[in-house]
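K.L.:
Build the 3D model from these lines:
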Amino acid sequence: MPQASFTPRSSAYLDALTQEIEKKLQRALASPSLRRNLLQELFTDIALEIDERAKDIILSPEDDAISPAEDCIYGQLCFHDVLADYYVWVPESGKRILDLIVQLWSQSFASHIFALLFHKWLFEVQLDNSEVLLRFSSALVQGATNVFWIDIQSNTRRFESLFLYLLEDVALEPTRLNKIPVQVQRDLYLLLSRFIFFYNSVDKLESFLRQFPVFPNAFLVGGPADFFVIELADQLQKLKVEPVLLHYFSHIKVLQGMELRMATSTRLKTCLYSFTSPGGPMYPTRVVRHAAWDALDLLFPVGRYPRHLISLFFRLLYPWYWPSSCWNFVMDCIKAVLYSLLGLIYSSLEKLKKPKF
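P.N.:
Numbering: from 1, shown residues only. Purely as a prediction, here's the structure:
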């Protein structure tokens, strides 16, 4: 990936920004009682989208320069995107910040900040100390996990640039991937498996599975597809945001035809089935239940009708669900009839419009 370039004006601006980050980290280090709040404020600041005034300063006006805006996702450019490029371009600028983060390593939001600011730096510099490399790469995976969950909970994709870098420029690039310890490589792949649906990267799933590292327990679990589906099923059971769940279910069709072990297949089936009934433990909404049924019927067509009959039988055991079920059934029938009538009217009008010869 080509490096971004910075003009003297943009470098001066980012140097000043770096000094502000350093000051806030020093304040956090000196004030144990305010430490968490200060780190949270700093994390919020670097995750902000860059305003137009700052963009005019930061983005290079030179035609032959590669702008740091190439990490911009759908027009959104955040401070951490530019700073991550800058600390690769001028590594000594981020050294003091990195030293302060290491001293605050065990604090909340320290790994978040490290992941956002130094995810590119980690793969571009040469670290000879294996213990330091293990610590930094583990912190990257932990921090990335935390910020991706922030996106999940808010149903936004503010940190999509970080995910795409880890997927496209690290996981699918062996030269960068091999710079971190093998165990961290495995953790990174498991992390990406959980969020690849959320960040709309299913088109890279085939390449991703081909590059999947070898796990020591593979003889018990199975191949890359098994590890991927297990992580996906675990992720689904942790999700509580309805739009995010529906988004995952809309992409789940890519699993159709995957060769999975019986235990993995059963695990996925059980996970999907848990979303088809109202009440605990998942408490899914009606829309989620229908999406889960559609996914279950698509991936496991054998036994489709017996599953629905069994589900209906258990629904009959809970009389307090009958009124809402009957109402929804009647409304669905009315909608189906109306849509059919509209379809017939539309097709009749189309026939009338066609010229007769």
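
K.L.:
Pull out the buried positions in stretch 95-104.
P.N.:
Applying a neighbour-count criterion of 16 or more other Cβ atoms under 10 Å, one finds 97, 98, 100, 101, 104 buried in stretch 95-104. For every residue, glycine as well, the C-beta is placed using N, CA and C.

K.L.:
Am I right that the third one falls within a helix?
P.N.:
So that's residue 100. Yes - assessed with DSSP: H, G, I helix; E, B strand; the rest coil, residue 100 lies in a helix.

K.L.:
List the contacts of it.
P.N.:
Neighbour list for residue 100: 22, 25, 26, 29 [criterion: Cβ atoms under 8 Å, 6 or more residues apart in numbering].

K.L.:
Report the two of the residues you listed separated the most.
P.N.:
22 and 29 (10.5 Å; Cβ to Cβ).

K.L.:
now the buried residues of stretch 95-104 in CSV, with pLDDT?
P.N.:
Output for the buried residues of stretch 95-104, formatted as CSV (pLDDT from 0 to 100):
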residue, pLDDT
97, 95
98, 95
100, 96
101, 96
104, 94
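
K.L.:
re earlier: closest to residue 224 among the contacts of residue 100?
P.N.:
residue 25 (39.5 Å).

K.L.:
what about that closest one, which helix or strand?
P.N.:
Using DSSP states H and E, residue 25 falls within helix 8-30.

K.L.:
Run through who's touching that helix.
P.N.:
6, 34-35, 38-39, 41-42, 45-46, 54, 57-60, 79, 82-83, 86, 90, 93-94, 96-97, 100-101, 103-104, 107.

K.L.:
and those residues, which are buried?
P.N.:
Of these, these count as buried by 16+ other Cβ under 10 Å: 6, 35, 38-39, 42, 46, 54, 58-60, 79, 82-83, 86, 93-94, 97, 100-101, 104, 107.

K.L.:
Tell me which of those fall in helices.
P.N.:
In helices, judged by DSSP state H, the following of the buried ones among the contacts of helix 8-30 are found: 35, 38-39, 42, 46, 54, 58, 79, 82-83, 86, 97, 100-101.

K.L.:
Now for these: which two are most distant?
P.N.:
The largest separation in these, counting by Cβ to Cβ, is between 35 and 58 at 29.4 Å.

K.L.:
does residue 138 really touch residue 185, like I thought?
P.N.:
No - in this structure, residue 138 is not within contact of residue 185 by Cβ atoms under 8 Å, at 11.3 Å.

K.L.:
So between the two, which is more surrounded?
P.N.:
Shown here are residue 138 and residue 185; by other Cβ atoms under 10 Å, residue 185 has more neighbours (22 against 17).

K.L.:
Quickly find the element holding the more buried one.
P.N.:
Applying DSSP H and E as the criterion places residue 185 in helix 182-195.

K.L.:
quick one: the very next helix or strand once past that helix to chain centroid distance?
P.N.:
For helix 182-195, the following helix or strand on the C-terminal side (DSSP H and E) is helix 205-210. When C-alpha coordinates are averaged (Cα atoms, centre = their mean, to the nearest Å), helix 205-210 and its chain have centres 16 Å apart.

K.L.:
How about helix 205-210, which residues are buried there?
P.N.:
Residues of helix 205-210 classed as buried by neighbour count (16+ other Cβ under 10 Å): 205, 208, 209.

K.L.:
picking that back up, compute the inter-axis angle for the helix holding residue 25 and helix 95-103.
P.N.:
Angle, helix 8-30 to helix 95-103, by axes from the mean of the first three to the mean of the last three Cα atoms, to 10 degrees: 30 degrees.

K.L.:
Just the CA atoms of helix 8-30, as CSV, please.
P.N.:
Coordinates of each C-alpha in helix 8-30 appear next as CSV, following Å, rounded to 0.1, in the frame of the first residue of the first chain:
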residue,chain,number,x,y,z
PRO,A,8,4.8,21.2,5.7
ARG,A,9,1.5,22.8,6.6
SER,A,10,-0.3,19.5,7.3
SER,A,11,2.8,18.1,9.2
ALA,A,12,2.8,21.2,11.5
TYR,A,13,-0.9,20.7,12.1
LEU,A,14,-0.5,17.0,13.0
ASP,A,15,2.5,17.8,15.1
ALA,A,16,0.4,20.2,17.1
LEU,A,17,-2.3,17.6,17.4
THR,A,18,0.2,15.0,18.6
GLN,A,19,1.3,17.4,21.3
GLU,A,20,-2.2,17.8,22.5
ILE,A,21,-2.6,14.0,22.6
GLU,A,22,0.6,13.8,24.6
LYS,A,23,-0.6,16.4,27.1
LYS,A,24,-3.8,14.6,27.7
LEU,A,25,-2.0,11.3,28.2
GLN,A,26,0.4,13.0,30.7
ARG,A,27,-2.6,14.4,32.6
ALA,A,28,-4.1,10.9,32.7
LEU,A,29,-0.9,9.4,34.0
ALA,A,30,-0.6,12.1,36.7
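
K.L.:
Check the offset of that helix from the chain's centre.
P.N.:
Its chain's C-alpha centre and that of helix 8-30 lie 29 Å apart, by Cα atoms, centre = their mean.

K.L.:
tell me which residues in it are buried?
P.N.:
For helix 8-30, by 16+ other Cβ under 10 Å, it's 10, 11, 13, 14, 17, 18, 21, 22, 24, 25, 28.

K.L.:
Please apply the same query to stretch 299-309.
P.N.:
Residues of stretch 299-309 classed as buried: 299, 300, 307 (neighbour count, 16+ other Cβ under 10 Å).
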